[in-house]
Structures are given as C-alpha cells and as structure tokens.
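> here's my sequence, what's the structure:
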Amino acid sequence: MFIGLMFANMILLFGLAMPDIINSYGTNIKQNMFADYQYILKVPASLQSSEKSFSNMIEAYTFTKGIETEEKTSEKFSAFSLKIEDNTLDTVTVYGVKKNSCYVSISDGVYVSSAYADKYHIHKGDVLHLRTEYTDKKYTLKVSGEYNYPGAIAIFMNQKKMNQLFDLDDDYFSGYFSKNPITDINEKYIGTTIDYDSLSKVSRQLNVSMGGMAYLLYGMAVIMFIVLIYLLTKTIIEKNAQSISMTKILGYTNHEVSSIYIVSTSIIVSLFILRKRQII
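Numbering: from 1, shown residues only. Modelled structure (predicted):
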C-alpha cells in the first residue's frame, strides 16, 4: 500500500516538475551561448586533398574570399576536437579565441569549461592528457583555470597559440561568433549555424508533444491517491472492526472513533509522503 502511495507521489511530482524542467532547459541554453550566432565553416572536399593543381588553387582563393565578412560584430575563432587519453567516450572541443575576445573572456593560458572540470574533478595546475581520434597524436596541457561554461566539455585558449599547438596556419580559423546574423558569406561554405532558435528546438518540441502529458499525470496521480486511500481506509476498518464495535458500545461518537483509527493513520501517511518528497 505504501509502495503504491509512493509511486503515485512520484508520478505527481514528475507531472508538476516537467513543465518547469523544459522551460528551465530553454532558459539555460540562452545563458550558456557564447554568442547569439555561431557559424562553423565547411572546407570544400577539393581543398582537403594534398594535390596542388591549378583548379585547387582557384578553389582555395575563392574559398578564402567567400568566407570573409563585413559584419562588425563577428569574431573569428578556431576549433579542434580531441579525445581524452584512456577514454573513448568523451570528445573535448578546444576553442581558440582571439586576445581580448568579446565573447569568451579568458586570460593567457589554458582554461577548461566548468562542465569538464566538474565531471573529471579538474583543478588549476592539473595536467590534461589528450590525443587525436584517428592518428593518436598526444598533447599535454596544463590547466590555468576554469571558465564558466556548463554547456559542453571544452577547453579555451588563445587562438594563435592553439594554431601553433596543432600545426595550423597563423591565420587559420574555423568559424565566427557574431551578435548579428552574417549574410554575406556563401552558404555552401557554412557547415553549421548555431543560434537560439536551433538549440531551443528540442524544448519547443517537448512542450508541444509532452506539455499536455503533465495534466494526464496529474489526473492519474489523483485517481491513484483516491483509490489507494479508499483501500487503505477500508483495510483499517476491516482489521479493527471488533475494536470499533467496542468503542461504539462504550459510547464513543463517530468523530472520536475516526480520530482514533482514521485521522492518526492519515497523519502517518501524510508524513510518509512529505518525507519521500524531500528524499526525491
């Protein structure tokens, strides 16, 4: 009986919490974004070839011109993916940002995101052992501090130093941070556009598909409570039928009998439910 009450209580709590959880998810996304718009560039397949043909040179020149923008709020950044050594599950994104960045404020050094630090218990002065996913080239980085970014497992450092670390050109960059939409870059060179609309799509879909489910859960929980309390009351009366008869013979009123057998049990059940809510 108590297991049934606990189950009904859990369903009710889930129904009450679900809308707030979905709304909180959308709010946290907005707070954890680097910029209102983040553009990841896509390098054409022809430029990834080592062949130095005339057509590739023309394509490289076209690509270089095609990814330049006149948007004043835009800021170039570099990105590189690594794996944690002895860990095949998590991928670490290394961000290279320019000095005095408007979007990621860090000092000179290597900074880990708060999500990375919390998950792997990383502190200032610790040494990170990372590797590339396919070539198994290893990198060792000393942590200078923590950057408040719970959105992903990431590392932040100066863009020029990052490009040097990964043997990239000094002017290499992977994309743009921007406060306003960038409209003067050829769309075929944009691999991914990250903005609030795209990131909050999941929460909007959950609100549409599961928003009405909260009321269904409320109803199920209330019905379960009514049925279980009825069965519990019926069981108490049946088990104490003889005692209740004796109290009636002795002149106890219905209210007094109820306070002895029903009210006391109701108080215990209420305390049980409240205790379970605190645990959950």
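
> the longest strand seen in the chain: what's the following helix or strand?
The single longest strand within the chain, with elements called by DSSP state E, is strand 75-84. Sequence order places strand 91-97 as the next helix or strand after strand 75-84, per DSSP states H and E.

> elements contacting that next one?
Applying 3 or more C-beta pairs under 8 Å, 6 or more residues apart in numbering; DSSP states H and E, one finds that strand 91-97 contacts strand 75-84, strand 154-158, helix 159-165. In this view, the C-beta of every residue, glycine as well, is placed from N, C-alpha and C.

> check which helices and strands the shortest one sits against.
Applying 3+ C-beta pairs under 8 Å, 6+ apart, one finds that strand 154-158 contacts strand 91-97, strand 111-113, helix 114-120.

> what about the stretch 151-280 of the chain, any weak spots by pLDDT?
Filtered on pLDDT under 70, the stretch 151-280 of the chain yields the residue ranges 202-203, 206, 208-212, 261, 264-266, 268-280.

> let's go with 90 and repeat that
Counting by pLDDT under 90, the ranges of the stretch 151-280 of the chain that qualify are 151-153, 160, 162-175, 180-280.

> can you tell me the closest non-neighbouring residue to the most centrally placed residue in the chain?
The structure's the chain has its C-alpha centroid closest to residue 151; by C-alpha atoms, centre = their mean the separation is 6.1 Å. Spatially, and ignoring its direct neighbours in sequence, residue 151 is nearest to residue 32 (4.1 Å; C-beta to C-beta, 6 or more residues apart in numbering).

> surely the one you found touches residue 147?
No: in this structure, residue 32 is not within contact of residue 147 by C-beta atoms under 8 Å, at 11.5 Å.

> those two: which has the busier surroundings?
residue 147 (20 against 16; other C-beta atoms under 10 Å).

> apart from its neighbours in sequence, what residue is nearest the more buried one?
Counting by C-beta to C-beta, 6+ apart, the residue nearest residue 147 is residue 111, at 4.3 Å.

> can you pull out the helices in the protein?
For the chain, the helices defined by DSSP state H cover 2-31, 54-66, 114-120, 159-165, 196-199, 201-210, 213-239, 241-249, 254-258, 264-279.

> residue 155: which of the helices and strands packed on strand 154-158 is closest?
strand 91-97 (4.6 Å; C-beta to C-beta).

> against residue 170, how distant is residue 163?
Using C-beta to C-beta, to the nearest Å, residue 163 is found at 6 Å from residue 170.

> I meant to write residue 92 there.
Distance from residue 92 to residue 170, by C-beta to C-beta: 23 Å.

> who has more neighbours, the two?
residue 92 (21 against 8).

> wait, doesn't that one sit right on residue 116?
Yes: counting by C-beta under 8 Å, residue 92 does reach residue 116; the two are 7.0 Å apart.

> for the helices and strands packed on strand 154-158, which one ends up most surrounded?
strand 111-113 (a mean of 25; mean count of other C-beta atoms under 10 Å).

> what does it contact?
122, 128, 143-147, 149-157 (C-beta atoms under 8 Å, 6 or more residues apart in numbering).

> pull out the buried positions in stretch 156-170.
Buried residues in stretch 156-170, counting neighbours by 16 or more other C-beta atoms under 10 Å, are found at 156, 157, 158, 159, 160, 162, 163, 165, 166, 168.

> give me the residues contacting it.
Under the contact criterion C-beta under 8 Å, 6+ apart, stretch 156-170 has outside partners 76-78, 80, 94-99, 104, 106, 108-113, 139, 141, 147, 149, 172-173.

> near residue 15, how many other residues are there?
Count around residue 15 with other C-beta under 10 Å applied: 19.

> what is the neighbour count of the residue lying closest to it once chain neighbours are set aside?
Distances taken as C-beta to C-beta, 6+ apart place residue 217 nearest to residue 15, at 3.1 Å, with adjacent residues excluded. Residues near residue 217, counting by other C-beta under 10 Å, number 17.

> give the contact list for the closest residue to residue 194 other than its chain neighbours.
Using C-beta to C-beta, 6+ apart and skipping the chain neighbours, the partner closest in space to residue 194 is residue 38 (4.0 Å). Applying C-beta under 8 Å, 6+ apart, one finds that residue 38 lies in contact with 175, 176, 177, 178, 193, 194, 195.

> out of those, which are buried?
175, 176, 177, 178, 194.

> which one of the residues you listed is nearest to residue 201?
residue 194 (11.5 Å).

> right, I'll leave it there.
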